[in-house]
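>>> From the sequence below, what's the structure:
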Amino acid sequence: MFTGISLMKFIKPLGKVNRKNIILFLAILGPGIITANVDNDAGGVTTYSLAGAHFGNSILWVMIPTMVALVVIQEMCARMGAVTGKGLSDLIRESFGVKVTFYVMVALLLTNLGNSVSEFAGIAASLEIFGISKYISVPFAALLVWLLIVKGSYKLVEKVFLIACTIYIAYPIAAFMAKPDWGTIMTATVVPTINTDSAYLMTIIGVVGTTIAPWMQFYQQAAVVEKGVTIEQYSFSRLDVFVGCIMAIVVAFFIVVACSSTIHTQGLRIETAADAAMALKPLVGQYASTLFAIGLFNASLFAACILPLSTSYYVCEGMGWESGIDRNFKEAPQFFWLFTIIIILSAALILIPNAPLITIMFLSQVVNGIMLPFVLIFMLILINNKRLMGRYRNGPVFNIIAWATAGITILLTLLMTIDMVYPGAIARMFS
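Model prediction:
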């Protein structure tokens, strides 16, 4: 059983730092880092920017427990992929039936369509800062994304995604250029701030919600399976997950720091990540503003590839259709047509004058909030299935951590959903 003790034995090979292990790790590298980092998408960057701008350093303490939750959840997905050789949708269909899987897939499809729209909105907003019209940037980005996935191989696509991960360094650089008080920041990171203000509570819920999203679990497991990771190689894949989750939280941390040390200090109000990039210009300088805008563009373009791709993966897995980047239209028509349709619809909605983008994003987040608890419960039932996972199922120690993480995530997600559906409900609850 996968207990705390066996956990150490399982990752023991990582302690032997030699040429062979380094080569193996580099070969396995990808799914964990890509999945975690793409979660810092347009919506994520906006959430972290607003958190820092509106509440300053008082949000920073949330980062450490959120990182723990992210690591636990993503590790379970990667482990299930390595042990079973199947994606999460496959396992849900086999264990819970086609009918349940169909409803889950429909809900997630609608959610990711709304999220994909927000990514193209991020592309448009970030490049408009540089004077490029959305009628040029959005169609070009859509074509670029389509060509990369449809015409590229899995190895090529993964290399491009890993390069995109490195561009997130723009946010730490922008944060250092803001010259924050690091002593105050370190204190705020480890000392929780207690505040029952509903806006503050909703910001915390938003930070957690944008960091742990349903699509991540499906993409993580599908990527591990497509890469061909086996249980013998899993200790390296597990390290990939850890590194990716830490990278993602570090980036989120510096986005909050950059906005806290500048926009919040000046008492300014912003509504989007693009507003944050513009606000940094007079406060810190042109370079910091440009770096922030480049980071937003990279995050949006990166996620515009991954979100439709993850949707294609889990819908095709759930329905029993062929899937995979290394296949072609003839071998996996449903996979590539679904990806193509999502790209076209997402880009087209951005180009419609006065399109109800806020409503689309709102509805996608509501569905996202409703779906996450179900996905987490499915995962925990599956990973504790002895027939499915054998000795690699969760042991008592890991189960306590996993169920506690799921419980807290479910509670926070439900609170966020309630407040979105019934504005002011959280405020009345804590008044």
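
>>> List the buried residues for stretch 175-185?
Taking 16 or more other CB atoms under 10 Å as the neighbour-count basis, stretch 175-185 is seen to contain the buried residues 175, 177-178, 180, 185. C-beta coordinates here come from the backbone N, C-alpha and C atoms, glycine included.

>>> So for the residues you listed, which is the shakiest by pLDDT?
Summarising pLDDT for the buried residues of stretch 175-185: the lowest-scoring member is Ala178, with 78.

>>> how many neighbours does the closest residue to that one other than its chain neighbours have?
Closest residue to Ala178 in three dimensions, ignoring its sequence neighbours and counting by CB to CB, 6 or more residues apart in numbering: Ser261, at 4.2 Å. Applying other CB atoms under 10 Å, we find 25 other residues in the vicinity of Ser261.

>>> what's the closest of the buried residues of stretch 175-185 to Ile306?
When the buried residues of stretch 175-185 are ranked by distance to Ile306 (CB to CB), Ala175 comes first, at 24.5 Å.

>>> Is that closest one in contact with Thr262, as I believe?
No: using CB atoms under 8 Å, Ala175 is not in contact with Thr262, being 9.3 Å away.

>>> just to revisit the earlier point, could the buried residues of stretch 175-185 be laid out in CSV, adding secondary structure?
Rendered in CSV, the data for the buried residues of stretch 175-185 read as follows (DSSP: H, G, I helix; E, B strand; the rest coil):
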residue, secondary structure
Ala175, helix
Met177, helix
Ala178, coil
Pro180, coil
Ile185, helix
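
>>> pLDDT (mean, whole number) over the strand or helix carrying Ile418?
Taking DSSP states H and E as the criterion, the element that holds Ile418 is helix 396-421. Confidence over helix 396-421, taken as the mean pLDDT, stands at 75.

>>> For the stretch 151-300 of the chain, give me the ranges with low pLDDT.
For the stretch 151-300 of the chain, applying pLDDT under 70 flags the ranges 152-155, 157-158, 161-162, 164-165, 196-198, 271-275, 280-288.

>>> quick one, helices of it?
154-166, 170-177, 182-190, 198-211, 214-227, 234-259, 273-284, 286-319 (DSSP state H, counting those that start in this stretch).

>>> Near the residue nearest to Ser300 when sequence neighbours are not counted, how many other residues are there?
Of all residues beyond its chain neighbours, the one nearest Ser300 is Gly122 (3.1 Å), with distances taken as CB to CB, 6+ apart. Here the number of neighbours of Gly122 (other CB under 10 Å) works out to 29.

>>> coming back round to it: orientation of the helix holding Ile418 relative to helix 198-211 in degrees?
Using axes from the mean of the first three to the mean of the last three CA atoms, to 10 degrees, the interaxial angle of helix 396-421 with respect to helix 198-211 works out to 120 degrees.

>>> Relative to the whole chain's centre, how far out is helix 396-421?
For helix 396-421, the gap between its own C-alpha mean and the chain's C-alpha mean amounts to 17 Å (CA atoms, centre = their mean, to the nearest Å).

>>> still on that earlier bit, going by distance to Gly228, which of the buried residues of stretch 175-185 wins?
Distance from Gly228 was checked for each of the buried residues of stretch 175-185 by CB to CB. The minimum falls on Ala175, at 37.7 Å.

>>> Tell me how far the residue nearest to Ala178 lies from Glu317.
Note on Ser261: its distance to Glu317, by CB to CB, to the nearest Å, is 44 Å.

>>> Same question for Val83.
Remark: distance between Val83 and Glu317 (CB to CB) = 16 Å.

>>> now do Ala121
The spacing between Ala121 and Glu317, counted by CB to CB, is 28 Å.

>>> Same question for Gly85.
Taking CB to CB, one finds Gly85 at 12 Å from Glu317.

>>> Please apply the same query to Phe329.
Going from Phe329 to Glu317 by CB to CB gives 18 Å.
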